[in-house]
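# With the sequence up front, the predicted model follows.
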Amino acid sequence: MNHATPRLRALAALPFVLVLAAHLLLFTRWRDALPAELATHYSLGDGGQADGWTSRAGYLVISTALIAGLAAGWCAFVRRRSLWGAWATAGFIGGLFVQLLRTNLVDAFETQVSAPAVDLAVAGTAAVAAGLAGLALTSVVPEDEPAGRAGPPDGPRLALGAGEVAGWSRSTGSRPLTVLAFLALASTPVVLLVVAWPDALLGLLGLVVGVPGLALARVRVTVDRHGLTVRSGVLPRPRVRIALDEIAGADVRDVDALGDFGGWGYRVRAHRTGVVLRSGEALVVRRDSGREFAVTVPDAATAAALLNTLAERHGKV
């Protein structure tokens, strides 16, 4: 479960915003000196000479999409202790793009040659410097401190004897999300084989969409002595677990996938997160911190009642 606060997400996005702004500024400043076709791939076995090109517009679209995609990924999954990694990633990718643009600043009759060792050294130096800056900024993000329990959890209960144990598990999925994931994955090899390099890199977007989509297309929701667990039904990860001592209450609520969460899949909002595969019945767990977690699953009433009972029993131990 991701506990990222708005401040932490903003700090994770900041280096990518700075890198994108600097990259666009340099591109604009050097635009007239850049060739119509930019060298974007170099042969390691032929003295580092260019062997792959793309248009200036294509390069700008791909580079911007890559920076934005990395920013979105870090914002979605960043934790306080890994903030430095977001900054280091932004520094590394920014250093590579600057070196690529500098390498293309050659006269029309010059041979475009890259020095991979130099490029990696520059990018690595930028990554280290940015990573240290991110590490320093960790101090402005407060530690995660679980709030104390105000009392027994609210909501329905499932009657259990003093010595009885119980568990509940249900699998649920989304056919549209499954179809979309398979189509995205199937498009990747087709694009890589048909489209010329480096535009073929766009085919990798199929993996970016397909792998997470397939992982969340079917999930298993479990309530037991460990608390609430939501895990992918087809892959070992991702997995969300909320321990019993973090739960302030559980209930059932009808959710609107678009209206309440802005779409399907793993969703993050200001005060709530969720695994939303459809609109309708959902198990909603309120944490001690005040944030809510929702998962759309059939028979959510039984899950909520059992979870409240187990959480209350756990609080008495």
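That came through fine.
# Assign the nearest residue to residue 301 once chain neighbours are set aside to one of the three secondary structure states.
Closest residue in space to residue 301, ignoring its immediate chain neighbours: residue 252 at 4.9 Å, by Cβ to Cβ, 6 or more residues apart in numbering. Glycine gets a C-beta too; all of them are placed from N, C-alpha and C. What DSSP: H, G, I helix; E, B strand; the rest coil gives for residue 252 is strand.
# my read: residue 252 touches residue 294, true?
No: with contacts counted by Cβ atoms under 8 Å, residue 252 stays clear of residue 294, the gap being 10.1 Å.
# Tell me the residues that contact both of the two, please.
Residues touching both residue 252 and residue 294 by Cβ atoms under 8 Å, 6 or more residues apart in numbering: 282, 283, 284.
# Now tabulate those in JSON lines and tack on pLDDT, neighbour count and secondary structure.
Formatted as JSON lines, these follow (pLDDT from 0 to 100; neighbours: other Cβ atoms under 10 Å; DSSP: H, G, I helix; E, B strand; the rest coil):
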{"residue": "282", "pLDDT": "92", "neighbour count": "25", "secondary structure": "strand"}
{"residue": "283", "pLDDT": "93", "neighbour count": "29", "secondary structure": "strand"}
{"residue": "284", "pLDDT": "93", "neighbour count": "19", "secondary structure": "strand"}
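# Now do the phi/psi pair for residue 279.
phi -90, psi 150 (degrees, to the nearest 10).
# who touches the residue nearest to the spatial centre of the chain in this structure?
Residue closest to the average C-alpha location in the chain (Cα atoms, centre = their mean): residue 73, at 3.3 Å. Residues in contact with residue 73 (Cβ under 8 Å, 6+ apart): none are found.
# Local confidence estimate at it?
Looking at residue 73, its pLDDT is 87.
# re earlier: next one: the residue nearest to residue 301, what pLDDT does it get?
92.
# Please report the distance of it from residue 267.
The gap separating residue 252 from residue 267 is 18 Å, by Cβ to Cβ, to the nearest Å.
# And for residue 103?
Residue 103 is 41 Å from residue 267, by Cβ to Cβ.
# now do residue 257
8 Å.
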